[in-house]
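**Q** okay, sequence plus prediction incoming.
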Amino acid sequence: MKAAVWHKAKDLRVEQVDEPSVKGDHDVKVKVSWCGICGSDLHEYAAGPIFIPVDAPHPISGDKAPIVMGHEFGGEVTEVGSKVTKVKPGDRVAIEPILAPNENGRYIAEKYNLTELLGFHGLSGGGGGFSEYTVVGEHMAHKMPDSLADEQAALVEPAAVALHAIRESSLKAGDTAAVFGTGPIGLMVIDALKAAGASTIYAVEISAARKRKAEQLGAVVIDPSEKDAVEEIHRLTGGGVDVAFEVTGIPKVLNQTIHSAHRGGEIVVVSIWESEASFQPNDIVIQERTMKGIIAYRNIYPQVMELMTQGYFSGDDMITARIGIDDVVDHGFEALLNDKSHVKIMVKPE
């Protein structure tokens, strides 16, 4: 079967690989319907490795580069191990790609995303969504509601990042928020903030297309190329927002995010970073701000899919292109790196 295989930064190849098979009692084989290209995928393609194991195999997957990419995906179950009870052949599923210690078809730790062994199916080996078939553990497969389209399964993963960020923040209904960066995760953070009852959401973005998307979702958009975003947020709010979310991974923007929160406010860092970023600790200390990071998600897929049935995290708001796997490099990864009018590109592995 065809698959998109990462060899090194800027070296992603579509090539023939062996079709995987069910071997363990709790294995689930999935025929992939759609797989989204994530910002983390772009980081690995442009400047990796970050999560991709190169020098030694990942302790859970047992693999190292070259590896099949793709961790935002869903599909149809085609085969299951002898002890699988959660799903059956024919079920449509969204895949939770976290690699963490597990046994008997479930994750072991309550906060399994915080394991020091953290990896991702499609980034850390074990197969991936940029292939026609892949095999995952039963604990990673979540049955989709009948009312949701196949494409929505590939949006559950990034939506889970966004919803986890809001649930781990101190935001309460009626609070104000700022979102710096409105790529796919930033837009989903806006949607999650709406679901959580934020009163006003400010979106800081330069891309015209992404500004329009943020506006369509109900955010007040501020273009930092036209005015000082921090000053504008302070002017509009009378001193800063309750919670500010950093979703760009750009050092300069981290400082803007910090300064956009009011005294006693909170900063939530959602991005994965390619390099170090500096800030003045007094900007946290003297104003008693709180800054925290979040990684991925945990125990949240069912809630994401329920919100999807209510209209949140819609593919109509996020998907800007659909391509086949043969075009994944030129019209997928390179397009996202060079054309900021794109938000989410979906890949059909067949």
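**A** It's in. Everything numeric here is computed off the predicted structure, so don't read it as measured data.

**Q** secondary structure element for residue 211?
**A** helix 208-216 (DSSP states H and E).

**Q** quick one: mean pLDDT over that helix.
**A** Average pLDDT, helix 208-216: 95.

**Q** pull out the buried positions in that helix.
**A** Residues of helix 208-216 classed as buried: 210-211, 213-214 (neighbour count, 16 or more other CB atoms under 10 Å). Backbone N, C-alpha and C define where each C-beta goes, glycine included.

**Q** find the pair from those with maximum spatial separation.
**A** 211 and 213 (7.3 Å; CB to CB).

**Q** what touches both of those two?
**A** Listed contacts common to residue 211 and residue 213 are residue 182; contacts here mean CB atoms under 8 Å, 6 or more residues apart in numbering.

**Q** so residue 127, which of the three states?
**A** Using DSSP: H, G, I helix; E, B strand; the rest coil as the criterion, the local structure at residue 127 reads coil.

**Q** just give me the neighbour total for it.
**A** 25 (other CB atoms under 10 Å).

**Q** got the phi and psi for it?
**A** Main-chain torsions, residue 127, degrees, to the nearest 10: phi 110, psi -170.

**Q** the residue nearest to residue 318 when sequence neighbours are not counted: what's it in contact with?
**A** By the measure of CB to CB, 6 or more residues apart in numbering, the closest residue to residue 318 outside its immediate chain neighbours is residue 344, 4.4 Å from it. Listed by CB under 8 Å, 6+ apart, the contact set of residue 344 reads 36-37, 155, 158, 184, 315, 318-320.

**Q** and residue 344, what pLDDT?
**A** 95.

**Q** that one and residue 34, how far apart?
**A** 10 Å (CB to CB, to the nearest Å).

**Q** middle-most residue in this structure, spatially?
**A** residue 158 (3.1 Å; CA atoms, centre = their mean).

**Q** okay, now the domains of this protein?
**A** According to automatic domain parsing, the chain comprises the domains 2-155+313-348, 162-293.

**Q** distance between the shortest one and the chain's centre?
**A** Between the centre of domain 162-293 and the centre of its chain there are 17 Å (CA atoms, centre = their mean, to the nearest Å).

**Q** kind regards, and thank you for your time.
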